[in-house]
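Chemist: sequence plus the predicted model coming up.
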Amino acid sequence: MNQLPIPDGVHFFAHLPIAWHATLQQSAFEATRYLAVLAEFEASSDERNHAQEALHAKLDLMLLWTAKHLSQDLPIAKEAVISLETISWLDATALPVGAHGALTLSLSHILPFSLQLPAEIISCVVSGQGYTITARLQLKEEALRDWFERTVFRNHRRIVHAERGAAA
């Protein structure tokens, strides 16, 4: 992971399916709803009462079955660092700086989904046997930006807690 740039501020490292596409083929509404559902899916069951838990169990199972069916189309997993404004990853293929398109990634191994985020390639440098590519996210819709930021904070916080627990 030392080949990836470490951004300032909140971020997390991950090994996740990620790919670049020249065109965005997913609505901001669909991406926003997925991030909201992922947050709910990862929420603690302590926050729900018994009736809510029973309903969520049914919905979770339906979501898992749907995700399992759709996960066959996920891109190849790569090392990446995700921050509030940029995503960097290691790739075998160079991309032109200034290219606009969509970054397709899956942020959950449990509830996989090909999330597409509009982005611009801002850096592509030779790194080992491939390239380190950095894209600046272009999340113009406030709701999408808000849910993406919540996702980054949640993952960052989870990693910090795990590191503190391992150090104790």
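Modeler: Sure, I can see it.

Chemist: what does stretch 146-165 contact?
Modeler: Defining contact as Cβ atoms under 8 Å, 6 or more residues apart in numbering, one finds that stretch 146-165 is touched by 10-14, 32, 35-36, 38-39, 42, 82-84, 107, 117, 137, 139. Bear in mind the C-beta positions are built from the backbone N, C-alpha and C, glycine included.

Chemist: mind listing what's buried in that stretch?
Modeler: 147, 148, 149, 151, 152, 154, 155, 156 (16 or more other Cβ atoms under 10 Å).

Chemist: next: stretch 30-42.
Modeler: The neighbour-count check on stretch 30-42 (16+ other Cβ under 10 Å) flags 31, 32, 34, 35, 37, 38, 41 as buried.

Chemist: got the CA positions of it in PDB?
Modeler: Provided in PDB are the C-alpha atoms of stretch 30-42 (Å, rounded to 0.1, in the frame of the first residue of the first chain):
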ATOM      1  CA  GLU A  30     -29.400   5.100  -7.400                       C
ATOM      2  CA  ALA A  31     -25.900   5.700  -6.000                       C
ATOM      3  CA  THR A  32     -27.300   7.800  -3.100                       C
ATOM      4  CA  ARG A  33     -29.900   5.200  -2.200                       C
ATOM      5  CA  TYR A  34     -27.300   2.400  -2.200                       C
ATOM      6  CA  LEU A  35     -25.000   4.400   0.100                       C
ATOM      7  CA  ALA A  36     -28.000   5.000   2.400                       C
ATOM      8  CA  VAL A  37     -29.000   1.300   2.400                       C
ATOM      9  CA  LEU A  38     -25.400   0.300   3.000                       C
ATOM     10  CA  ALA A  39     -25.300   2.500   6.100                       C
ATOM     11  CA  GLU A  40     -28.500   1.000   7.400                       C
ATOM     12  CA  PHE A  41     -27.300  -2.500   6.600                       C
ATOM     13  CA  GLU A  42     -24.100  -1.900   8.600                       C
END
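
Chemist: okay if I get the buried residues of stretch 30-42 as a markdown table plus distance to residue 73 and pLDDT?
Modeler: Below are the buried residues of stretch 30-42 laid out as a markdown table (distance: Cβ to Cβ, whole Å; pLDDT from 0 to 100):
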| residue | distance to residue 73 | pLDDT |
| --- | --- | --- |
| 31 | 16 | 92 |
| 32 | 20 | 93 |
| 34 | 14 | 89 |
| 35 | 19 | 92 |
| 37 | 18 | 85 |
| 38 | 18 | 87 |
| 41 | 20 | 77 |
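
Chemist: that concludes my questions; thank you for your assistance.
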